[in-house]
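Visitor: When you get a sec, could you give me coordinates for this:
(chains A, B, C and D)
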2 protein chains.
Amino acid sequence: MTKTTTGDQALIKRINTAIVLEAILKEQPLSRAKISEITGLNKATVSSLVQDLIDNQLVREIGTGVSSGGRKPVMLEFIATAGYSVGIDLGVNYLRGVLVDLRGTVVAERTAPLSAVDPDDVFNVLRPFIQSLVSEAPPSPFGVVGIGVGVPGLVDSSGSVLYAPNLGWREVPLKDALSRTFGIPVLIDNEANVGAIGERTFGSGRGVSNMVYVSVGIGIGTGIILQRTLYKGASGFSGELGHLSVDAHGKPCRCGNRGCWELYASEQALLDQARSLGHSGDLDELLAAADAGDEAVRGLLAGIGEYLGIGIANIVNIFNPDAIVIGNRMSRAQPWIEQAMRRTVEERALNFHLRGVQLLFAELGGRSAVMGAAEQAVSAFFDRLKAG
Amino acid sequence: MTKTTTGDQALIKRINTAIVLEAILKEQPLSRAKISEITGLNKATVSSLVQDLIDNQLVREIGTGVSSGGRKPVMLEFIATAGYSVGIDLGVNYLRGVLVDLRGTVVAERTAPLSAVDPDDVFNVLRPFIQSLVSEAPPSPFGVVGIGVGVPGLVDSSGSVLYAPNLGWREVPLKDALSRTFGIPVLIDNEANVGAIGERTFGSGRGVSNMVYVSVGIGIGTGIILQRTLYKGASGFSGELGHLSVDAHGKPCRCGNRGCWELYASEQALLDQARSLGHSGDLDELLAAADAGDEAVRGLLAGIGEYLGIGIANIVNIFNPDAIVIGNRMSRAQPWIEQAMRRTVEERALNFHLRGVQLLFAELGGRSAVMGAAEQAVSAFFDRLKAG
DNA sequence: GTTTGTTTGTCTATCCAATAAACAAAGTTG
DNA sequence: CAACTTTGTTTATTGGATAGACAAACAAAC
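Guide: Residues are numbered from 1 along each chain as shown, chains lettered A, B, ... in the order given. Take a look at the predicted model:
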């Protein structure tokens, strides 16, 4: 049951402080007078709230701006380096991590191979990996405000990895383990969910309200952002669109269903088809072959594009989103899959919905997830500020 | 661009008034002291807000309650008859209308056949139909506060019917026409959307947060309620799950796609299959035949149930909802389709998602849409109260 | 009947955030 | 320099929530 927040003056102040801070984040550098103008808040109110933000080391004055016929304005900016956040992408065979400031500027970045899969072994690699990023954070008022982690599996609301087939994990209390070690807030979420956040905040989905991020790797995962918020279903895990059936009588899937989308449009599907053609290489080798003019491989990739389009047409009809972003490894095949994909979506999706939707590829490349994970930790920090 | 609402004391009062009113609606009859206790608001605050509600004729005192060892409480109740609302279900060949009070109690109800399909002809039937319901409203402080209409087609945010294939309508400004005539707020929405609202407010989905209402009639429409709110996509129309493809290489659909769910699981699908078996009757006749022991018809119905299950399994995987409610005409076939439907969903949906979901049939029968339409008008009235 | 303690709902004084208006400071323009 | 603009602070006021005091009304125990 959600506790109903009653209204009092503290609530007002939190609301208005958030409005002021958001204005500074979005339009900086800007003056108090300008904030008053764009937010509709009284000048005196803005002055008072800005003073609080300055006292809290979140905002600073950076000198005067140019006059427009009167007294020069005192320009304000958000102190992005007031705190830092760590983002981790825990892959099946790699680790990727970033240290970012509160605006998402990357301060440090690391990658490492990951051969272990046993949870304890992974912890023993992960802990020093995170520690090294934390120790790179410059001195700052708030320090490292949180750690966000994206994992390839189902995560419950307590931050436990319920099920991660490609790691062989079940019920691994990752959040507990990390927050005990580091003593700062830890946020765990599915790789596709944090990827969606990453692309929406820093990548091709910037500013969009309703977006579906399709993470095409070995399988297909999806992160669904509705009304600017990550959608999670009743039990806290949604977005299993990889197991949307696109062929009711198709191949059986290990999930129990038949004809799941990811059986036809994932990297695994591509590799399986390639193997039956005699290619035994990985995705990179296939892309190289396509670049070199191998028509058979190009045909396979176009086929993947078509099946991606089939599922995406369904997503368009279901959610009528502003944008769909294709990410993860398969986005590297963009030149070979995009045309078939677009054509298929245009053929199959409803016209009314098609009109408003953008079909995009991830801008952040392999960094969608890691940036989104870091952003999750930052936004949890801001939420704490507002609540406290 | 959404205008950011800044916080001031009027906002506090609106928030708290809404909290108090909601407490009364949910727990009535109850005393001021009890309201203070369950909302966390100060007794004095509650007294003041209740007085405003009494002055506004929304709440009244109904005498004293039983003492629990001290002064007897003065019990309060919501004045459900402070206003009324009209709900209309505009079907392909029928009109159904209700007049309800602010709590949704039906005061008057009408149905009428509808042979016309030309918009102007429909208006000429619809206007006196609504007028007769409006004139049944008893005298009340607020009178008839609004008219809600559900239509079998796509509706845009301005209340125009963009496209209603079974009526042959395109770009019909229904809301404009009705609000000009009656001079009160009119809300138009898709039949499945208002049906979803109806079942969530008064029917089998009462109190649920995430629910998908599947309206199975000639076609399949869906109303998606997420976080207690009707989800509309970027362009304002979502929920076209009838055109979710469940067979990528299946029958071509008039929407341009292939293998759309409604080609296999709708009333139309059933009738088509029945015709190829030599049955020429409508749904009622088929149900009668099934009741009478016709094994062939029972087999057809079970087949529809299975295909419903295939689509519902997809919906479960997509949204991970608390409940799925099957409504509209086909819900009458519940005895013949339910078993196959449940079995298919259990076979195909992901276990993690299956655990929390309820599979339900509409409680309101043919009144889901009309009650939801009326409720939309009521809740718009409450929104106006809060805003003003 | 009397006493005691409880419950209800109002009243009063106080607090606090936002606001309008006045104002001082710092600028531009002619 | 005079007149006007713009910025940002100060001051007095408004309005809603709150704690605590309070009176009225009541049950239960004696």
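Visitor: Relative to A:Asn320, how far out is A:Ala234?
Guide: Applying C-beta to C-beta, to the nearest Å, one obtains 22 Å for the distance of A:Ala234 from A:Asn320. Placement of C-beta: from N, CA and C, glycine included.
Visitor: Neighbour count: these two, which is higher?
Guide: With neighbours defined as other C-beta atoms under 10 Å in any protein chain shown, A:Ala234 and A:Asn320 compare such that A:Asn320 has more, 26 against 21.
Visitor: sec struct for the nearest residue to that one once chain neighbours are set aside, please.
Guide: The shortest distance from A:Asn320 to any residue that is not its chain neighbour, by C-beta to C-beta, 6 or more residues apart in numbering or on different chains, is 2.4 Å, and that residue is B:Gly233. Following DSSP: H, G, I helix; E, B strand; the rest coil, B:Gly233 is assigned to coil.
Visitor: Share the number of residues neighbouring B:Gly233, please.
Guide: Neighbouring residues of B:Gly233 were enumerated by other C-beta under 10 Å; the total is 24.
Visitor: what's the answer for A:Val208, then?
Guide: Taking other C-beta under 10 Å as the criterion, the count of residues near A:Val208 is 18.
Visitor: How about the one 10 residues further on?
Guide: Counted with other C-beta under 10 Å, the neighbours of A:Ile218 add up to 19.
Visitor: what residues are up against it?
Guide: When contacts are counted by C-beta atoms under 8 Å, 6 or more residues apart in numbering or on different chains, A:Ile218 touches A:Val92, A:Asn166, A:Ser266, A:Glu267, A:Gln268.
Visitor: Closest to B:Asp156 out of those?
Guide: A:Ser266 (36.5 Å; C-beta to C-beta).
Visitor: returning to that earlier point: filter the contacts of A:Ile218 down to the buried ones and hand me the ChimeraX line.
Guide: What follows is the ChimeraX syntax for the buried subset of the contacts of A:Ile218, where burial is set by 16 or more other C-beta atoms under 10 Å in any protein chain shown:
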select /A:92,266,267
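Visitor: tally of neighbours for the residue in the stretch 251-388 of chain A that DNA strand C sits nearest to?
Guide: Here the stretch 251-388 of chain A gets closest to DNA strand C at one residue, A:Lys386, 12.7 Å apart by C-beta to the nearest atom of the strand. Neighbouring residues of A:Lys386 were enumerated by other C-beta under 10 Å; the total is 11.
Visitor: quick one: it is in a helix?
Guide: Yes: according to three-state DSSP, the state of A:Lys386 is that of a helix.
Visitor: Okay, it and A:Asn16: tell me how far apart.
Guide: With distances defined as C-beta to C-beta, the gap from A:Lys386 to A:Asn16 amounts to 11 Å.
Visitor: quick one, what contacts the residue nearest to A:Ala116 when sequence neighbours are not counted?
Guide: Once flanking residues are discounted, A:Ala116 sits nearest to A:Val122: 5.3 Å by C-beta to C-beta, 6+ apart. Residues in contact with A:Val122, defined by C-beta under 8 Å, 6+ apart, are A:Leu90, A:Leu114, A:Ala116, A:Leu167.
Visitor: helix or strand for the third one, which one?
Guide: When you say that, I think you mean A:Ala116. Secondary-structure element containing A:Ala116, defined by DSSP states H and E: none, the residue being outside all helices and strands.
Visitor: count of neighbours near it?
Guide: Neighbour count for A:Ala116, taken as other C-beta under 10 Å: 15.
Visitor: Wait, A:Ile324 touches A:Asn210, no?
Guide: No: because the distance of 10.0 Å does not satisfy C-beta atoms under 8 Å, A:Ile324 is recorded as not touching A:Asn210.
Visitor: How about the contacts made by the residue nearest to A:Asn320?
Guide: When contacts are taken as C-beta under 8 Å, 6+ apart, B:Gly233 is in contact with A:Asn210, A:Phe319, A:Asn320, A:Pro321, A:His353.
Visitor: Now do the phi/psi pair for A:Ala373.
Guide: Dihedral angles of A:Ala373 (phi, psi; degrees, to the nearest 10) stand at phi -60, psi -40.
Visitor: what's around it, how many residues?
Guide: Neighbour count of A:Ala373, defined by other C-beta under 10 Å: 34.
Visitor: And it, how far from A:Val155?
Guide: Counting by C-beta to C-beta, the separation of A:Ala373 from A:Val155 is 12 Å.
Visitor: In terms of pLDDT, where does the closest residue to DNA strand D within the stretch 151-300 of chain A sit?
Guide: Taking C-beta to the nearest atom of the strand as the measure, the point where the stretch 151-300 of chain A comes nearest DNA strand D is A:Gly207, at 26.3 Å. As summarised for this prediction, A:Gly207 has a pLDDT of 89.
Visitor: How about A:Leu90?
Guide: Reading off the confidence values, A:Leu90 has pLDDT 96.
Visitor: The one 5 residues further on too?
Guide: On pLDDT, A:Leu95 comes in at 96.
Visitor: List of residues touching whatever helix or strand it lives in?
Guide: Element membership of A:Leu95, judged by DSSP H and E, is strand A:94-101. Outside of strand A:94-101, the residues that reach it under the criterion C-beta under 8 Å, 6+ apart are A:80-81, A:83-89, A:106-114, A:125-126, A:129-130, A:133-134, A:136-137, A:144, A:366-367, A:369-371, A:374-375, A:378.
Visitor: so which strand or helix has the closest residue to A:Arg206 other than its chain neighbours?
Guide: Computed as C-beta to C-beta, 6+ apart, the closest residue to A:Arg206 that is not its neighbour in sequence is A:Arg200, at 6.9 Å. Take DSSP H and E as the rule and A:Arg200 turns out to sit in helix A:191-202.
Visitor: and that helix, C-alpha only, in PDB?
Guide: Backbone C-alpha positions of helix A:191-202 (Å, rounded to 0.1, in the frame of the first residue of the first chain) are rendered in PDB as follows:
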ATOM      1  CA  GLU A 191      20.500  -4.800 -18.600                       C
ATOM      2  CA  ALA A 192      17.800  -3.800 -21.000                       C
ATOM      3  CA  ASN A 193      16.100  -1.500 -18.500                       C
ATOM      4  CA  VAL A 194      19.300   0.400 -17.700                       C
ATOM      5  CA  GLY A 195      20.100   0.500 -21.400                       C
ATOM      6  CA  ALA A 196      16.800   2.100 -22.000                       C
ATOM      7  CA  ILE A 197      17.500   4.700 -19.300                       C
ATOM      8  CA  GLY A 198      20.900   5.300 -20.800                       C
ATOM      9  CA  GLU A 199      19.700   5.900 -24.300                       C
ATOM     10  CA  ARG A 200      16.800   8.000 -23.100                       C
ATOM     11  CA  THR A 201      19.000  10.200 -21.000                       C
ATOM     12  CA  PHE A 202      22.200  10.500 -23.000                       C
END
